[in-house]
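In: using only what follows, build the 3D model:
(one chain, ligands or ions: 1)
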Amino acid sequence: MASFVEQTALNREKLLKDVSPEVLQLVEKYEGLFSVSSEKLKDITTHFVSELHKGLSKTGGSIPMIPGWVMEYPTGQETGDYLAIDLGGTNLRVVLVHLLGNSKFETVQDKFALPDTIRTAKADDLWGFIADSLKDFVQKHYPEKPAKPLPLGFTFSYPASQDAINEGVLQRWTKGYDIAGVEGHDVVPMLQKALAEREVPIEVVSLINDTTGTLVASAYSDTETQMGLIFGTGCNGAYYEYVKNIPKLEGRLPADIDQEGLMAINCEYGAFDNEHVILPRTKYDVQVDAESPRPGQQSFEKMISGYYLGELIRLVLLELHDAGSFFKGQDVTKLRQPFIFDTSAPAISEKDTTADFAEIKALVKDSLDIETTLDERKFIRRLSELIGTRAARLSVCGIAALAKKRGLEKCHCAADGSVYNRYPGFKERAAQALRDIFDWDCEPKDYPIVIVPAEDGSGAGAAIIAALTEKRLAAAASAQLSDLLLQRQDSSSDTRTGLDVLTADLNHHIEASLALNFIVCVGRAAVQANTRGACSHSGRRYRVSTSARSTLNRFFLLDTLIDSEIENTVSDVPTRMHTTDNEHDRPTIFRPPHDSLHFLSLAVSLD
Ligand SMILES: Nc1ncnc2c1ncn2[C@@H]1O[C@H](COP(=O)(O)OP(=O)(O)OP(=O)(O)O)[C@@H](O)[C@H]1O
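Out: Down below sits the predicted model:
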């Protein structure tokens with residue numbers, strides 16, 4: 001049977017058989033502009049590999065390569081119930097995840113479409129929308145108010161730097177978002193505040209990226225998974241890198257983290273080629289970029305992801321109208337409206353199998369109020385194929401580059417997102433492009449690197465990561481946790497299944513005595529975990545907020561294991577939380593208060 005690609009080539013001949021010479025000429029022009037040869041894909045991949053290296057280096061590069069503090073593969077045996085949200089560019093998903101073990105999990109999910117206006121709304125509107133959606137979900141699934149706050153894994157699909165598993169400082173908005181007052185800030189307390197205002201009983205215990213979530217969720221059920229990929233509003237990839245190959249982590253790691261071990265990296269490779277040295281940009285790509293809220297950023301993403309493909313079609317059609325070729329004498333007011341098409345437009349066009357392209361006709365009529373000729377519809381169909389094919393072919397350069405970087409010759413790459421899962425032919429075109437890059441000489445069913453669909457996995461990923469972190473703590477290894485919460489240390493009835501987290505909240509009026517309590521608290525937790533150990537210096541930053549004063553006080557009364565050390569250490573809290581003692585397994589607090597919040601820096605090292 002002919003492959004999809006061979007089939008579409010045949011269709012092209014059929015499609016263009018009777019079109020006018022003028023339209024044929026236009027088709028050929030755009031075929032030249034939007035086609036990407038195998039050689040070009042190979043060149044892009046080679047450059048991509050060097051940019052991945054650069055992103056991991058101390059100096060960094062265009063691709064952020066953000067360490068995700070997820071340090072192991074799931075075994076598939078993790079169990080428990082977790083709540084998770086996934087904030088994407090288009091949708092908010094709220095998920096209740098039941099991890100069943102044996103590589104199985106079940107989810108109950110609600111999907112909330114984010115209002116179009118949210119992209120440029122106020123920060124409070126965004127967090128309010130999410131908190132309201134969570135409130136609905138909790139009311140629906142927990143008719144009896146939960147006795148304790150529900151632990152929540154937050155999948156946040158924007159580049160956020162993390163020094164801990166439950167923080168995420170937004171580096172910059174992508175995917176057309178531009179909400180003031182969020183960049184440069186930790187998003188977890190913002191969401192937590194909106195939840196508190198609405199009295200939603202939820203505690204945000206971990207923050208991950210959707211690519212990392214997809215990676216981990218798929219690895220839970222398929223041990224061959226090596227990458228998590230997103231082809232949605234934006235594009236991105238995550239994979240596990242050897243710690244020793246992440247130079248920028250030098251000096252930031254607790255001593256017990258093995259250099260031969262792995263850490264998940266959220267690449268944020270939508271930023272690939274922001275310098276414009278290798279990608280074959282057309283003038284339409286330049287225009288999309290120039291008119292986007294963030295010109296000069298996310299170059300790769302703007303050529304291939306769901307937010308932009310419909311816009312590329314619009315720009316070409318508008319230019320043809322203005323040149324007098326298309327939609328003659330018609331009112332094109334709507335066509336002049338940026339982003340009037342999303343990627344469903346080329347997707348519908350490519351799916352249309354009617355003889356006279358009635359679906360394209362309806363699409364253009366309904367969304368633009370424009371009547372089309374048959375030739376115009378054939379052109380739109382071909383243009384959609386070109387733009388969709390280019391997106392699929394360029395997309396896999398990221399996969400090929402990650403495989404080359406890690407020396408992976410055979411693996412599964414889990415892909416989520418509407419563009420991968422719903423765009424006609426995207427899967428086949430992506431597979432063929434991988435073959436073109438690696439020169440595989442075998443049938444598609446035998447391709448060694450396989451992109452597998454992983455719909456809506458990132459919520460489950462957030463849950464599994466919470467379970468992995470819990471396991472890590474139980475195994476007495478370093479965990480990167482902030483706002484550690486001593487929730488169940490003294491209560492056998494506490495069945496909290498989220499992170500078995502360790503410590504506390506103080507508000508910004510922190511007093512020296514409470515700071516001491518905090519340290520005692522961590523030491524106490526170490527003792528309760530039946531281990532020898534204390535708080536050790538790691539250079540990490542921990543935000544301390546309000547709600548667990550009572551917990552702190554409880555623990556303050558219990559044990560004075562490390563009191564003497566504390567006295568030596570915290571002499572001048574709170575104005576300058578600092579110590580000179582950096583020895584292994586010694587409590588160290590440092591960093592001065594930051595804005596209205598105070599930061600304590602310590603990691604729990606239980607050896
Ligand atoms: N039929 C379709 N085929 C392909 N893509 C589509 C289709 N309909 C909508 N899209 C595109 O899918 C994108 C949304 O992708 P998705 O549903 O994966 O959302 P998301 O999870 O919010 O995205 P992301 O994970 O990138 O933030 C939109 O940009 C839209 O243009």
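In: so residue 349 sits against residue 378, correct?
Out: No: assessed by Cβ atoms under 8 Å, residue 349 is found out of contact with residue 378, at 10.1 Å. Using the backbone N, CA and C atoms, a C-beta is placed for each residue, glycine as well.
In: now the common contact residues for these two.
Out: residue 357 (Cβ atoms under 8 Å, 6 or more residues apart in numbering).
In: give the contact list for residue 141.
Out: With Cβ under 8 Å, 6+ apart, residue 141 has these contacts: 96, 108.
In: please determine how far it is located from residue 135.
Out: Look at residue 141 and residue 135: by Cβ to Cβ, to the nearest Å, they are 11 Å apart.
In: residue 417 too?
Out: Note on residue 417: its distance to residue 135, by Cβ to Cβ, is 27 Å.
In: who has more neighbours out of these two?
Out: residue 417 (31 against 17; other Cβ atoms under 10 Å).
In: not counting its neighbours along the chain, what's nearest the more buried one?
Out: Closest residue in space to residue 417, ignoring its immediate chain neighbours: residue 232 at 3.1 Å, by Cβ to Cβ, 6 or more residues apart in numbering.
In: and what of residue 331?
Out: Here the residue nearest residue 331, using Cβ to Cβ, 6+ apart, is residue 369, at 7.0 Å.
In: isn't that neighbour up against residue 336?
Out: No: between residue 369 and residue 336 there is no contact under Cβ under 8 Å: 11.9 Å.
In: circling back to that earlier point, let me see the contact set for the residue nearest to residue 331.
Out: 331, 333-334.
In: now, which of those residues sits nearest residue 33?
Out: residue 334 (24.6 Å; Cβ to Cβ).
In: and the residue of this structure nearest the ligand?
Out: The nearest approach of the chain to the ligand comes at residue 88, 2.3 Å away (Cβ to the nearest ligand atom).
In: helix, strand or coil for residue 413?
Out: Under DSSP: H, G, I helix; E, B strand; the rest coil, residue 413 falls in the strand class.
In: now do the same contact list for it.
Out: Counting by Cβ under 8 Å, 6+ apart, residue 413 touches 225-229, 399, 449-452.
In: pull out the buried positions in the top helix by length along the chain.
Out: Criterion DSSP state H: the longest helix present in the chain is helix 374-406. Residues of helix 374-406 classed as buried: 375-406 (neighbour count, 16 or more other Cβ atoms under 10 Å).
In: over to stretch 104-119?
Out: Neighbour count says stretch 104-119 has 105, 107, 110, 112, 114, 118-119 buried, by 16+ other Cβ under 10 Å.
In: what parts of the protein come near the ligand?
Out: 88-91, 157, 175, 210, 230, 232-234, 306-307, 342-344, 347, 417-419, 422-423 (Cβ under 6 Å from any ligand atom).
In: filter those to the buried ones?
Out: Buried among these by 16+ other Cβ under 10 Å: 88-90, 157, 175, 210, 230, 232-234, 306-307, 342-344, 347, 417-419, 422-423.
In: among those, which are located in helices?
Out: 210, 306-307, 344, 347, 418-419, 422.
In: pipe those residues into TSV and attach pLDDT per row.
Out: Shown next, in TSV, are these (pLDDT from 0 to 100):
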residue	pLDDT
210	89
306	97
307	95
344	97
347	97
418	95
419	97
422	96
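In: I'd like these as CSV, with distance to residue 281 appended.
Out: Below are those laid out as CSV (distance: Cβ to Cβ, whole Å):
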residue, distance to residue 281
210, 26
306, 19
307, 17
344, 24
347, 23
418, 24
419, 19
422, 26
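In: for those residues, which one is nearest residue 270?
Out: residue 307 (10.2 Å).
In: verify the contact between the closest one and residue 176 for me.
Out: Yes: between residue 307 and residue 176 there is a contact at 5.4 Å, judged by Cβ under 8 Å.
In: what touches both of these two?
Out: Contacts common to residue 307 and residue 176, judged by Cβ under 8 Å, 6+ apart, are 89, 233, 339.
In: can you list contacts of the helix or strand hosting residue 85?
Out: According to DSSP states H and E, residue 85 maps onto strand 79-87. For strand 79-87, contacts defined as Cβ under 8 Å, 6+ apart pick out 92-101, 130, 133-134, 150-157, 202, 210, 213, 456, 458-463, 466-467, 470, 497-498.
In: ok, that strand: who's next to it in the sheet?
Out: strand 91-101 (antiparallel), strand 150-156 (parallel) (DSSP bridges).
In: which of those strands sits closest to residue 301?
Out: strand 150-156 (16.6 Å).
In: could you double-check that residue 239 lies in contact with residue 266?
Out: No: assessed by Cβ under 8 Å, residue 239 is found out of contact with residue 266, at 9.3 Å.
In: what's the burial count for the closest residue to residue 238 other than its chain neighbours?
Out: Computed as Cβ to Cβ, 6+ apart, the closest residue to residue 238 that is not its neighbour in sequence is residue 211, at 3.6 Å. Using other Cβ under 10 Å, the number of residues around residue 211 comes to 32.
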